[in-house]
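Asker: Generate a structure from the sequence data that follows.
(chains A and B)
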Amino acid sequence: MKAVRILERVLTALPMSLLMLLLVFGFVRLLPGDPVDIMMGQSGNVSQAEIDALRRELHLDRPLPEQLAIFLRGLLRGDLGTSFREQRPVAEVIGDAFPATVELALAALLVALLIGLPIGVLSAVRRNSWFDRLAMGVSFLGISMPAFWLGIMAIMLFSVHLGWTPVQGRLSAGIAPPDLTGLYVLDGLLTRDWALLKDALLHLLLPAVTLGAELTAIIARVTRSSMLEALQMDYVTAARARGVPEWQVVLRHALRNALIPTVTVAGLQLGVLLGGNMIVETVFGWPGLGRLVVGAIFGRDYALVQGAVMLYALTFLIANLLVDILYTQLNPKLEL
Amino acid sequence: MRRGRPTRLVASIVAAGLLLTAGCSAGQRSSQTGGQTQGAPQGQRLSITIDTFQGRIPEAEVVANYLRQVGVQAEVRIWEKSALLEEIRQGNRVAYTQDWGSSTFDPYDLALPKLKTGDRGNYSFYANPEVDSLLDLGASGADPDERRRAYEQVQQILIDEAPWIFGYYMDVIEATSADVVGFTPAMDSRINLHDVSRTGADSLVVGLRTDRLQSLDPANHRDRDTETVIRNIYDGLVTRTPDGQIVPELAESWEQPDSTTYVFKLKQGVKFHDGTEMTADDVVFTFERILAPDGIDGQQSPRLSLVGPIKKIEKVNEYAVRFELEHPFPTWLQLLPHTQIVSKAYVEKVGTSQALSEKPMGTGPFKFVRGQVDSEIVLERFDDYYGGADALTPVGPAQLKTVTFRMIPEPSTRVAALKAGEVHIIQEVPIDQIDALRADSNIKVLTTQGTRLYMIELNNKVLTDARVRRALNHAIDWEAILNEIYGGRAHRVATAMLPSGFGYDPTVAPLSYDPDLARRLLQEAGYVTD
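Answerer: Okay, the predicted model is just below:
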């Protein structure tokens, strides 16, 4: 039954995705700026023959409806087109960048949950204590601190002055990346290559914390307020009255019910994180999707932008679905 | 873009009509009022919006301020660069910050595309038939003295007509850790690791400014940073010394029997990384691959214009090739370092450009080990290297065993990585960090002249009066701007030619900072300035 519901959800999302695709197809072309001009750069002497050849090659000499038809035809065959700038299949270019983004996004989410949740719970339990005030003060900073500044400061302190973590990249210069999942931490675990695992984790640490800082703060705040509400509930009083130990009251009775808003926020944010974060990826030299797509937009690489947006749509779809499934786990009364 | 031909046609007819009427009225008025041009309504201020984009905003603000001081109503508008370019090309804007790079040390690829009537880079719509023919003569004349004179004449004309607010070029600033030996920043921004070593280590990491390379197929990109990496894997017939001299690399020598024929004698015994010998066939194949309309997987190579006007290339014998050009083209040798020789047999074996890019193979000092264009490229010393250009010492196999190019697009991160010892050479040090790096004894900061020209282009169809354009030049104190905003790392140029380029005339002085003169010129042109 549940499987059918899930399938239903996926199918209803398809027309939505198609609509969005058309929007993106139109919007990237509405952007002023000529891909060929940008590719040929503002330098040197380029012949008209080269410019014309490039236009033909990219189908930019065709009318818009025809370009759209070419794109949709390719899509039906599972072909996202060819990146203008790299002249490689879009799926391949995105496929190269996506694992790096997935690894960073999951790590950031993990950081946010591991730090944000306990802080939120503790702040709610010790409401108005010095811990609560400090935690909420720091989380305010977390929300308002620009990732760019935080990243650079973290690099200056931990990498340059203390030398604890590497400045940039996913692995140290001497270490060859394994050809497995593309998630180097996972690869390290799978191949039991501990040196690789350690190196990958060290490289992941600062970007994950930087990217996760804002989410940590949000999760802490959301958890705190929903916990405060839950702790007022009758069932909590009832549990206490039955003599259930306080930690069980907090974790089993209150937290479980307070988690729904947290899960919602985390789920939506995961969609955002999977879209890649251009700023953190740029600061830490992390070859991910965010950097790729921003470059593609500035370069008017229409095919690549379209492909990336499709991927975004897909990740949001999946993230939302996961959140809904999680709801039903947290509260069996809810249905998909 | 594809805006449809009818729109363009209409636009050009309207533009032509406007020009025609403008020309007529200008002619009429000048006969009546003596030099008074059209478009300058009596008793009004000149109003100008300076269009700019990220990177030059402070400069534009200060320029606007200087213009206000001579009575011009000046505003700054900020754009995304490519969006602005589209507007400029449609003739909708009046004054805009722009830049243009040159790679041949000759006005051929700078002043010519920027100022020849209707050329691709002529965003100022400057049109002067005399300048057109002088630029053509400079680019293709057979006699160097004649070419030089032609370019000098162009500079004289430009300083009078002031089609732009002339600008500056910037220093290229690179930094290395103190243990790096033998690295010289090159004006063409090449990072040649063949001649570099490190005290106490045989591996080196370079922090590149780009976020991704385009390809590792030398015939399928149009990007300097990509070429920087490629030229450590592949060599060309000739190369360029850090100060711009052309010297033989894979070639033993060359001769030029007449103005359109070049014969290259190749070095013998040069090995590709797969052990096969490089011969004339490979050279012919390399150029034909770029020249053919379908040379790169059925498409035209984006490097076509970088091989120059080649009419024919043929093998003379195993170790000699002959090039015939369509017309005399004196800058041709300066273009030649930008074409790297590939192995005919290997390229045919791997089949596609993409396959070549994934496993590049050349005659260069380093062979490809692994890497991805968006993160890092790892290379290893090629032990059978023939030695490289005799003019660039040391000659012989590279001294470093492993070299890595890392993409680090954020400047602060590049600097941090250098300080932390993760990388040993970095491109493009941010100006505000130079002093701090200078103070660090573990780091060396190195400088050379850049080959990109920065200016504020003026729409000559709108600002038709040269006095107005000159006035705008005289209104601005560039020395102050270059010192304050660019930390003295930018240098004024008089016109549209770089000091490093052929035919540069040092006697042409930049238009001086003279607000009084600027005001006077504006008044002469009919504007109110107070």
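Asker: tell me the pLDDT at the closest residue to chain A within the stretch 201-350 of chain B?
Answerer: Residue nearest to chain A within the stretch 201-350 of chain B (Cβ to the nearest Cβ): B:Gln300, separated by 3.8 Å. (Each C-beta comes from the backbone N, C-alpha and C, glycine too.) B:Gln300 is assigned a pLDDT of 85 by the prediction.
Asker: and if you look at A:Leu189?
Answerer: 90.
Asker: B:Leu9 now?
Answerer: B:Leu9 carries a pLDDT score of 42 in this model.
Asker: Then B:Arg224?
Answerer: What the model reports as pLDDT for B:Arg224 is 89.
Asker: go on, A:Met1?
Answerer: Note on A:Met1: pLDDT of 62.
Asker: re the thing from before, I'd assumed A:Ala53 was in contact with the residue of the stretch 201-350 of chain B closest to chain A.
Answerer: Yes - A contact is recorded between B:Gln300 and A:Ala53 when judged using Cβ atoms under 8 Å, the distance being 3.8 Å.
Asker: Can you pull the residues that touch both of those two?
Answerer: With contacts taken as Cβ atoms under 8 Å, 6 or more residues apart in numbering or on different chains, B:Gln300 and A:Ala53 have B:Pro293 as neighbours in common.
Asker: Quick check, central residue of chain B?
Answerer: A centroid search over chain B (Cα atoms, centre = their mean) returns B:Gly101, at 2.1 Å, as the residue closest to the centre.
Asker: OK, contacts around the closest residue to B:Arg231 other than its chain neighbours?
Answerer: Ranked by Cβ to Cβ, 6 or more residues apart in numbering or on different chains and with sequence neighbours excluded, the top spatial neighbour of B:Arg231 is B:Arg190, at 5.9 Å. For B:Arg190, the set of contacting residues under the criterion of Cβ under 8 Å, 6+ apart consists of B:227-228, B:231, B:240.
Asker: and what of B:Glu227?
Answerer: Counting by Cβ under 8 Å, 6+ apart, B:Glu227 makes contact with B:190, B:218, B:221, B:338.
Asker: Might one say that the second one is in contact with B:Ile230?
Answerer: Yep, that's B:Pro218 we're talking about. Yes - taking Cβ under 8 Å as the contact criterion, B:Pro218 and B:Ile230 are neighbours in contact, 5.0 Å apart.
Asker: and residue 252, helix, strand or coil?
Answerer: All of this is about chain A. helix (DSSP: H, G, I helix; E, B strand; the rest coil).
Asker: not what I meant, chain B
Answerer: Under three-state DSSP, the three-state class of B:Glu252 is strand.
Asker: how about the nearest residue to B:Lys444, chain neighbours excluded?
Answerer: For B:Lys444, the spatially nearest residue (Cβ to Cβ, 6+ apart) is B:Thr176, at 5.1 Å.
Asker: Same check on B:Leu237?
Answerer: Residue nearest to B:Leu237 in three dimensions, not counting chain neighbours: B:Ala251, with 4.5 Å by Cβ to Cβ, 6+ apart.
Asker: is the one you found in a bridge, and if so with what?
Answerer: Residues in a beta bridge with B:Ala251, per DSSP bridges, are B:Leu266.
Asker: ok now do it, which residues does it touch?
Answerer: B:Ala251 makes contacts with B:237-238, B:264-267, as judged by Cβ under 8 Å, 6+ apart.
Asker: Secondary structure added to the contacts of B:Arg190, as JSON lines?
Answerer: Supplementary listing: the contacts of B:Arg190 in JSON lines, determined by three-state DSSP:
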{"residue": "B:Glu227", "secondary structure": "helix"}
{"residue": "B:Thr228", "secondary structure": "helix"}
{"residue": "B:Arg231", "secondary structure": "helix"}
{"residue": "B:Arg240", "secondary structure": "strand"}
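Asker: possible to save those as CSV with pLDDT?
Answerer: Formatted as CSV, those follow (pLDDT from 0 to 100):
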residue, pLDDT
B:Glu227, 94
B:Thr228, 94
B:Arg231, 95
B:Arg240, 90
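Asker: Most widely separated two among those residues?
Answerer: When the contacts of B:Arg190 are compared pair by pair using Cβ to Cβ, the farthest-apart members prove to be B:Thr228 and B:Arg240, with a separation of 12.6 Å.
Asker: Neighbour count for these two, which is higher?
Answerer: Neighbours per residue (other Cβ atoms under 10 Å in any protein chain shown) separate B:Thr228 from B:Arg240, with B:Arg240 holding more: 27 against 23.
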